[in-house]
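Asker: Give me coordinates for this.
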Amino acid sequence: MNYSNELAGKIALVTGGTKGAGQAIAQRLKLAGATVIITARNQPHQPDPDLHFITADLSLREAANEVARQVLSRYGRLHILINNLGASETPGGGFAVLTDEHWESTISTNLLAPVRLDRAFLPQMLERGSGVIIHIASIQGRLPLYDATLPYAAAKAGLINYSKGLAKEVTAKGVRVLTVSPGWINTDNTKHFLERIAQSANSTIEEARQSVMNALGGIPAGRPAEPAEVAELVGFLTSPRAGYLSGSDFVIDGGTIPTI
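Answerer: The predicted model follows:
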């Protein structure tokens, strides 16, 4: 598809940009003409020479400032910040098995990492009077799953709330802030997850997929989202065509959330 170079001349940063939705978002912004920087803890398996990679563990307090230093020293500015990084590595078993360390590490990765990056990059956006920040949250911010991912759900709910408050502060100064809340996404990790479920339950991959959809209360669309579908929404929101949008949370879940 031709995006008419609508992001030509823009510098964009995508955290967690080496796989899944983050990788798809980075490619989508590149197709629109942006210069794209990606971060992750590990090098991508198949590096793209058109994407500038910065190694960073953004769950660590000092990492955001170091990423900002590298980006601004090389490019001098940042126009688009996509806080895509997100992870849940907590065990199953409900509230009783979740330690302070589980809560702190999950909140640091999913909430504090975006807060720190925003704080590092916002001053130069505000000085220019323009910029776009998009926080990738999750429908778990509204539809928490208590068995294993409650800290993740709580962190994403906090991210949605924080994003709304930040938008109220900086939109009048030229910086748009938005949240995108995907449902279940069909990534490589999803495929490995389904394989483990199928093996454990002695079932097929299709049966495992249906069991996950049932646990979510059903997905009317009948399938998870593809990373490119999430990336297409993000690509639109970063574009000049979305210039009047700020402070909103855009849910892309195939109809999973059953309420208004």
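Asker: Is residue 87 in a helix, a strand, or coil?
Answerer: Put simply, residue 87 is coil when judged by DSSP: H, G, I helix; E, B strand; the rest coil.
Asker: okay but it is in contact with residue 109, surely?
Answerer: Yes. Between residue 87 and residue 109 a contact is recorded at 5.4 Å, counting by Cβ atoms under 8 Å. In short, each C-beta sits where N, CA and C put it, glycine included.
Asker: What's the first helix or strand after whichever strand in the chain runs longest?
Answerer: For the chain, the longest strand by residue count, based on DSSP state E, is strand 175-182. Next helix or strand after strand 175-182 toward the C-terminus (DSSP states H and E): helix 188-201.
Asker: If you compare the directions of the helix or strand just after that following helix and helix 188-201, what angle comes out?
Answerer: Where DSSP H and E defines the elements, the next helix or strand beyond helix 188-201 is helix 205-215. Interaxial angle of helix 205-215 relative to helix 188-201 (axes from the mean of the first three to the mean of the last three Cα atoms, to 10 degrees): 100 degrees.
Asker: residues in contact with helix 205-215?
Answerer: The contact list for helix 205-215, computed with Cβ atoms under 8 Å, 6 or more residues apart in numbering, reads 145, 184, 193-195, 197-198, 201, 203, 219, 222-224.
Asker: If we use 6 Å, what do you get?
Answerer: Here helix 205-215 makes contact (Cβ atoms under 6 Å, 6 or more residues apart in numbering) with 194, 197, 198, 219.
Asker: what's the helix or strand hosting residue 133 packed up against?
Answerer: According to DSSP H and E, residue 133 maps onto strand 131-136. Strand 131-136 sits against strand 80-83, strand 175-182, with contacts defined as 3 or more Cβ pairs under 6 Å, 6 or more residues apart in numbering; DSSP states H and E.
Asker: what is the mean pLDDT for the shortest one?
Answerer: Confidence over strand 80-83 (mean pLDDT, whole number) is 98.
Asker: Would you mind pulling up the elements that it packs against?
Answerer: strand 11-15, strand 131-136.
Asker: quick check, distance from the longest one to the centre of its chain.
Answerer: What that stands for is strand 131-136. 10 Å (Cα atoms, centre = their mean, to the nearest Å).
Asker: As PDB, could you dump the C-alpha coordinates of the helix or strand just after that strand?
Answerer: Using DSSP H and E, the helix or strand that follows strand 131-136 towards the C-terminus is helix 150-170. The C-alpha atoms that make up helix 150-170 are tabulated as PDB, following Å, rounded to 0.1, in the frame of the first residue of the first chain:
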ATOM      1  CA  LEU A 150      -3.300  -9.400  37.300                       C
ATOM      2  CA  PRO A 151      -0.100  -7.200  37.800                       C
ATOM      3  CA  TYR A 152       0.000  -6.700  34.000                       C
ATOM      4  CA  ALA A 153      -3.700  -5.800  33.900                       C
ATOM      5  CA  ALA A 154      -3.300  -3.300  36.800                       C
ATOM      6  CA  ALA A 155      -0.200  -1.800  35.100                       C
ATOM      7  CA  LYS A 156      -2.100  -1.400  31.800                       C
ATOM      8  CA  ALA A 157      -5.100   0.200  33.500                       C
ATOM      9  CA  GLY A 158      -2.700   2.600  35.100                       C
ATOM     10  CA  LEU A 159      -1.100   3.300  31.700                       C
ATOM     11  CA  ILE A 160      -4.500   4.200  30.200                       C
ATOM     12  CA  ASN A 161      -5.300   6.500  33.100                       C
ATOM     13  CA  TYR A 162      -1.900   8.200  32.900                       C
ATOM     14  CA  SER A 163      -2.200   8.600  29.200                       C
ATOM     15  CA  LYS A 164      -5.500  10.400  29.500                       C
ATOM     16  CA  GLY A 165      -4.000  12.800  32.200                       C
ATOM     17  CA  LEU A 166      -0.900  13.500  30.100                       C
ATOM     18  CA  ALA A 167      -3.000  14.300  27.100                       C
ATOM     19  CA  LYS A 168      -5.000  16.800  29.100                       C
ATOM     20  CA  GLU A 169      -1.700  18.500  30.000                       C
ATOM     21  CA  VAL A 170       0.200  18.600  26.700                       C
END
